[in-house]
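Asks: sharing a sequence plus its predicted fold:
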Amino acid sequence: MFDSTSLSRPQLRRQLRAARRALPPAAQRKAAQDLYRQLAHHPLFHRARHIALYLPNDGEIDPRPLLRAAQKRGKATYLPVLSPWPRTKMVFQRIRPGEHMVKNRFGIHEPARNLAQQRKVWTLDLVLLPLVGFDCYGGRLGMGGGFYDRSLAYRSRRKCWNKPVLLGLAHKCQQVDRLSMASWDVPLQGTVTDKGWY
């Protein structure tokens, strides 16, 4: 576990990204399977009909086994898609097996933009978020772009919103003792790693 007290957020982000990128391919594959075992049979995953995930990038833990399992079970699955304008906006778009992907401006694959397949985030049941670092108090350190925080900002304004359930996905090596939370940070309901739930 990283001691986050002596590091700035950019320093912590650099160290945690380096730690997850340093995992060899075999360890990444095992982590993806272990993550699948942690989540695939959990009631939260079972009950959810509309689930947003992500495609792994930069050493992120791979949720694609969960994506395939959700699709086999007839669940509607969604991936984040960056908006061309405003450039700080992100939406969630339905994805089906074999669908064509394009690279966004960060080089991350996403579905080709289709407004008819997009869904408002508050109508989703479960969002599985990537992260750089996490703590046991719902803290999440992202890549720094704020896309998820802006998409979920409605939860901070109206405390009565409880949808969707927000779970971070990470390698155990991304855990820190405590993250300082900014006013715009949206807390998670939990984080799931290849080793357990936090």
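Replies: That came through, no problem.

Asks: please make it C-alpha for all contacts and neighbour counts, starting now.
Replies: OK.

Asks: in this protein, where is pLDDT below threshold?
Replies: Across the chain, residues meeting the criterion (pLDDT under 70) sit at 1-5, 156-161.

Asks: helix, strand or coil: sort out the residue nearest the centre of it for me.
Replies: Centre of the chain computed as the mean C-alpha position; nearest residue by CA atoms, centre = their mean is Leu129, 1.3 Å away. Look at Leu129: counting by DSSP: H, G, I helix; E, B strand; the rest coil, its state is strand.

Asks: now it: closest residue in space that isn't a chain neighbour?
Replies: Distances taken as CA to CA, 6 or more residues apart in numbering put Gly168 closest to Leu129, at 4.7 Å, once the chain neighbours are dropped.

Asks: so which strand or helix has that neighbour?
Replies: Per DSSP states H and E: Gly168 is located in strand 165-170.

Asks: elements contacting that strand?
Replies: Taking 3 or more CA pairs under 8 Å, 6 or more residues apart in numbering; DSSP states H and E as the contact definition, the neighbouring helices and strands of strand 165-170 are strand 126-130, strand 190-193.

Asks: still on that earlier bit, what residues are up against the residue nearest to the centre of the chain?
Replies: Contacts for Leu129 were tallied using CA atoms under 8 Å, 6 or more residues apart in numbering; they are 53-54, 166-169.

Asks: just flag the most distant two among those.
Replies: Spatial extent of the contacts of Leu129 (CA to CA) is set by the pair Tyr54 and Leu166 at 13.0 Å.

Asks: which neighbours do those two share?
Replies: Taking CA under 8 Å, 6+ apart as the contact rule, the neighbours common to Tyr54 and Leu166 are 128-129.

Asks: with neighbour numbers in mind, choose between the two.
Replies: Regarding Tyr54 and Leu166, a neighbour count based on other CA atoms under 10 Å identifies Tyr54 as having more, with 25 against 21.
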